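S.K.: Give me the fold of what follows.
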Amino acid sequence: MTASTGITRTEVLDLGEADLAEIHDLRLRAADFFVEVDDPPPTPASFQADLDDLPDGFTRVDEVIYRAYRDGRLAGYAEVLRRFAHEGQWMIGIVLVDVDMRSRGVGRRIVAAIADDARAAGISSLAAGVIALRERSLAFWHREGFTTQVRRREITIGDVQTEVVRLERRV
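M.R.: This is a model prediction of the structure:
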């Protein structure tokens with residue numbers, strides 16, 4: 001029997017303390033994602049900083065969190081920024097899945113829910129920014145149909161020089 005995955009969608013402005021604590025707990029269970037590129041381990045403050053790190057002209061009104069639950073426990077989440085490069089595009093900032101839930105379709109179900117909502121809202125494309133050093137992440141996005149490399153931007157993480165690759169796909 002296969003466990004089902006339920007997806008919820010919450011405006012960032014509507015996240016309460018319990019929501020933030022639940023997501024932070026998941027970030028701890030998936031801390032390998034952060035340390036693989038020498039980011040410090042996640043903290044409540046680092047999650048808050050991630051939510052607050054918005055491009056010019058954007059506010060928390062533009063952000064949505066998708067959460068995937070399996071057997072009543074948070075298994076994964078995604079941060080989405082609406083109208084990213086243009087009115088018809090949403091940017092997926094992160095899809096993070098519990099290390100024990102990877103390769104079980106959780107990330108795929110999150111991306112499918114985002115794509116469904118985008119389509120229903122009249123959005124034409126999704127984008128994802130991926131740090132080039134995260135080879136597993138790049139492979140995931142390619143499997144999800146994000147193949148159009150739009151732009152590469154150099155960044156430094158710790159002492160490491162790398163790039164953020166922006167991928168897109170039609171919805």
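S.K.: So what's the residue count around residue 54?
M.R.: By the criterion of other CB atoms under 10 Å, residue 54 has 15 neighbours. All C-beta atoms are positioned from the backbone trio N, CA, C, and that covers glycine.
S.K.: a helix runs through it, doesn't it?
M.R.: No - according to DSSP: H, G, I helix; E, B strand; the rest coil, residue 54 belongs to no helix; its state is coil.
S.K.: Could you list the low-pLDDT ranges of the chain?
M.R.: 1-4, 37-38, 150-151, 153, 157-158 (pLDDT under 70).
S.K.: Walking through the protein, point out its strands one by one.
M.R.: With DSSP state E applied, the chain shows strands at 5-11, 63-70, 73-81, 89-97, 125-131, 148-157, 160-170, listed in chain order.
S.K.: could I get those as JSON lines with mean neighbour count and distance to residue 20?
M.R.: Converted to JSON lines, the strands of the chain look like this (neighbours: other CB atoms under 10 Å; distance: least, CB to CB, whole Å):
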{"stretch": "strand 5-11", "mean neighbour count": "15", "distance to residue 20": "11"}
{"stretch": "strand 63-70", "mean neighbour count": "20", "distance to residue 20": "10"}
{"stretch": "strand 73-81", "mean neighbour count": "22", "distance to residue 20": "11"}
{"stretch": "strand 89-97", "mean neighbour count": "22", "distance to residue 20": "14"}
{"stretch": "strand 125-131", "mean neighbour count": "21", "distance to residue 20": "23"}
{"stretch": "strand 148-157", "mean neighbour count": "11", "distance to residue 20": "24"}
{"stretch": "strand 160-170", "mean neighbour count": "16", "distance to residue 20": "25"}
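S.K.: In contact with the closest residue to residue 65 other than its chain neighbours, which residues are there?
M.R.: If you skip the residues right next to it in sequence, residue 65 has residue 10 as its closest partner in space, 5.0 Å away by CB to CB, 6 or more residues apart in numbering. With contacts taken as CB atoms under 8 Å, 6 or more residues apart in numbering, residue 10 has the following neighbours: 19, 64, 65, 67.
S.K.: so what's the first one closest to, chain neighbours aside?
M.R.: Spatial nearest neighbour of residue 19, excluding adjacent residues (CB to CB, 6+ apart): residue 10 at 6.6 Å.
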